[in-house]
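> A predicted structure for the sequence below; I have some questions about it.
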Amino acid sequence: MKKKDAVLILSLLLIAGMLFALRFMAYNRDIGDTAVIEVNGEEYMRVSLNDPRRVTIEQPGGAVNIVEITSQGVFMLYASCPDQLCVHQGMVTKQNYRIRPTQAFIICLPHRVTVELIPEADE
């Protein structure tokens, strides 16, 4: 097994574990009207769904993510990463978060950007 294969397998296991943990933690909670954007594990911005806007996140090294916040929910409009998984995760809304694989989260793993609709108790 090559080093690249081991890294790929480890990355896939890590993502699967994160998705399982997110599903377990988020299943029985109520979602609020606030999107929390984190970059490198630190809060970047909180935005109300009642204040629709586009948030551009530019990081050193050229990493770019654009988060679209609407009155219905939040989605990753653009990411400069090669896999585009965060863009394909679609919109998180108060109505659909329980049936989404990543629940209330949108995750851009290459850029370490997460977007989450937070529970009422956390607002």
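The structure has been received and is ready for your questions.
> who touches the one helix or strand Met45 maps to?
Assigned by DSSP states H and E, Met45 belongs to strand 42-48. Strand 42-48 is contacted from outside by Asp33, Thr34, Ala35, Val36, Ile37, Glu38, Arg53, Val55, Ile57, Ile69, Val113, using CB atoms under 8 Å, 6 or more residues apart in numbering. Glycine gets a C-beta too; all of them are placed from N, C-alpha and C.
> Any idea how many residues pack against Ile69?
23 (other CB atoms under 10 Å).
> Output the lowest mean pLDDT helix or strand found in the chain.
helix 3-26 (a mean of 74; mean pLDDT, DSSP states H and E).
> quick one: it to chain centroid distance?
With CA atoms, centre = their mean, to the nearest Å as the basis, helix 3-26 stands 15 Å off its chain's centre.
> oh, and call the first residue 55 from now on, that's how I've got it
Okay, using 55 as the starting number, the last item reads as helix 57-80.
> Can you name the next helix or strand after that helix?
According to DSSP H and E, the helix or strand after helix 57-80 is strand 85-93.
> Run through the neighbouring helices and strands of that next one.
strand 96-102, strand 107-112, strand 118-123, strand 167-173 (3 or more CB pairs under 8 Å, 6 or more residues apart in numbering; DSSP states H and E).
> What separation is there between Ser65 and Arg107?
32 Å (CB to CB, to the nearest Å).
> ok, now which ones touch the residue nearest to the spatial centre of the chain?
By CA atoms, centre = their mean, the chain has its centre lying nearest to Ile160, at 2.0 Å. Ile160 sits next to Val121, Val128, Phe129, Met130, Cys140, Gln143, Val146, Thr168, Val169, Glu170 when contact means CB under 8 Å, 6+ apart.
> what about 10 Å?
89, 91, 119, 121, 127-130, 133, 139-141, 143-146, 154, 167-171 (CB atoms under 10 Å, 6 or more residues apart in numbering).
> what's the nearest residue to it if we skip its chain neighbours?
Val169 (4.3 Å; CB to CB, 6 or more residues apart in numbering).
> Low-confidence ranges, the chain, go.
Applying pLDDT under 70 to the chain flags the ranges 55, 76-85, 173-177.
> Thanks a lot, see you next time.
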